[in-house]
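>>> I'd like to go over a predicted model; first the sequence, then the structure.
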Amino acid sequence: MVDFAFLDSGTGGIPYLTYLLEKRPDASCVYVGDTVNFPYGEKSHEQIVKCVLSITDKIIKTFEPRVVVVACNTMSVNTIDILREIYSDTLFVGTVPAIKLAASVSKKRRIGLMATRATVEHPYNVDLKNHFASDCELVLRPDPELIAFIEHESFTATKEECIKAVEPCVNFFKEKDCDAMILGCTHFLNLRDLIQEVAGDKLKVIDSREGVVKRALNILDSLKNKTVSEKRKPLLYVTMLSDEEKVEYDVICSRYNLEWGGVLK
């Protein structure tokens with residue numbers, strides 16, 4: 001049994017895991033990247049649901065998590081209600097674009113949302129905008145190329161290569177006269193500081209990490225029985241691995257103080 005299981009299509013949710021451990025160092029965690037089904041953002045709703053249910057079932061049976069953090073916007077907007085219905089004995093925290101937070105800081109009332117195609121095109125964003133940013137214009141940009149770069153190349157790339165990868169999205173929102181830019185795919189948070197550096201002071205980079213982690217910890221604290229197994233490094237699992245990717249995951253484990261768990265079957 002563990003306190004938290006984090007689920008993403010790859011490396012996107014790792015910043016959420018590491019941020020939670022900054023707040024609660026004694027939490028026991030596992031992280032699962034469903035790399036066999038990456039990328040999720042180009043899949044249909046039906047495909048996403050099928051993939052998420054399959055890997056969630058494995059996670060629950062293998063690790064018995066108290067809380068599952070669905071650290072992926074695409075997974076969350078398509079499946080969070082379904083997960084809560086099917087696995088009613090498990091507590092879930094979803095991750096959705098931080099439109100409310102962006103609206104609170106935007107003075108121009110022009111907000112950019114960068115995410116997967118599946119997230120950008122999902123009607124859930126319209127509901128969020130209508131509820132929390134009705135007076136704002138929401139500028140949308142799907143960016144599967146940057147997501148793929150972050151997943152497969154960024155951890156072993158130079159800073160110059162990473163800057164070149166993020167410049168097109170930053171320039172896009174600057175040209176659209178946005179003053180807030182939402183990272184609507186968790187993968188982007190792996191380069192969050194660099195994106196803000198490239199964006200400069202006039203384009204504020206927004207993400208949902210604070211809200212998601214706060215919600216996850218509040219849920220854990222509400223549980224009566226919090227005794228879990230002995231504390232150890234968070235374990236990192238994937239569902240498919242090539243020799244080239246193993247090098248990348250070795251770098252990730254070293255950088256974020258994770259322990260390699262291997263391939264979850």
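Perfect, I can see it now. What you see is a predicted model; the values in this text were computed from it and never measured.
>>> how about the residue sitting nearest the centre point of the chain, what does it touch?
Nearest to the geometric centre of the chain sits Thr186, at 2.8 Å (CA atoms, centre = their mean). Taking CB atoms under 8 Å, 6 or more residues apart in numbering, we find Thr186 in contact with 8, 12-13, 15-16, 71-73, 95. Where you see a C-beta, it was placed from the backbone N, CA and C, and this is true even at glycine.
>>> repeat that for 6 Å
By CB atoms under 6 Å, 6 or more residues apart in numbering, the contact list for Thr186 reads 8, 12-13, 71-72.
>>> among those residues, which ones are buried?
For the contacts of Thr186, a burial check counting by 16 or more other CB atoms under 10 Å picks out 8, 12-13, 71-72.
>>> Filter the residues you listed down to the ones in helices?
Applying DSSP state H to the buried ones among the contacts of Thr186, no entry is found in helices.
>>> Please narrow those to those residing in strands.
Cross-referencing these against strands under DSSP state E gives Asp8.
>>> follow-up on the earlier one: what is the nearest of the contacts of Thr186 to Ala157?
Using CB to CB, Gly12 is the member of those that sits closest to Ala157, with 16.4 Å.
>>> if I read this right, that closest one contacts Leu189, doesn't it?
No. The criterion here is CB atoms under 6 Å, and Gly12 misses it with Leu189 at 7.2 Å.
>>> Counting by contacts, list what the longest helix along the chain packs against.
Using DSSP H to define each element, the chain has its longest helix at helix 45-63. Secondary-structure packing of helix 45-63 (3 or more CB pairs under 6 Å, 6 or more residues apart in numbering; DSSP states H and E): strand 2-8, helix 73-86.
>>> need the contacts of Thr186 in CSV with distance to Leu220 and pLDDT, can you?
Listed next are the contacts of Thr186 as CSV, based on distance: CB to CB, whole Å; pLDDT from 0 to 100:
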residue, distance to Leu220, pLDDT
Asp8, 19, 97
Gly12, 22, 94
Gly13, 17, 95
Ala71, 15, 97
Cys72, 20, 96
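>>> Please produce TSV containing the residues you listed, extended by distance to Glu245.
Shown next, in TSV, are the contacts of Thr186 (distance: CB to CB, whole Å):
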residue	distance to Glu245
Asp8	15
Gly12	15
Gly13	17
Ala71	19
Cys72	18
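>>> what is the rounded mean pLDDT of stretch 178-197?
The average pLDDT within stretch 178-197 is 97.
>>> which parts of it are buried?
Neighbour-count burial for stretch 178-197 flags 178-192, 194-196 (criterion: 16+ other CB under 10 Å).
>>> ok, now stretch 41-48?
41, 43, 48.
>>> Let me know the closest of the residues you listed to Arg141.
Nearest to Arg141 among these is Gly41, at 12.4 Å by CB to CB.
>>> Could you confirm the closest one falls within a helix?
No. Counting by DSSP: H, G, I helix; E, B strand; the rest coil, Gly41 falls outside a helix, being coil.
>>> Next up, the contacts around the residue nearest to it when sequence neighbours are not counted.
Leaving aside its sequence neighbours, Gly41 sits nearest to Thr116 (CB to CB, 6 or more residues apart in numbering; 2.4 Å). Applying CB under 6 Å, 6+ apart to Thr116 gives the contacts 41, 74, 185.
>>> From Ala102, how far off is Tyr40?
Between Tyr40 and Ala102 the distance is 23 Å, computed by CB to CB, to the nearest Å.
>>> ok, Leu83 - how many residues close by?
Residues near Leu83, counting by other CB atoms under 10 Å, number 23.
>>> Show the subsequent helix or strand relative to the helix or strand encompassing Glu197.
Assigned by DSSP states H and E, Glu197 belongs to helix 192-199. Going down the chain from helix 192-199, the next helix or strand is strand 204-206, by DSSP H and E.
>>> where are the low-confidence patches of the stretch 151-265 of the chain?
The stretch 151-265 of the chain contains residues with pLDDT under 70 at 225-231.
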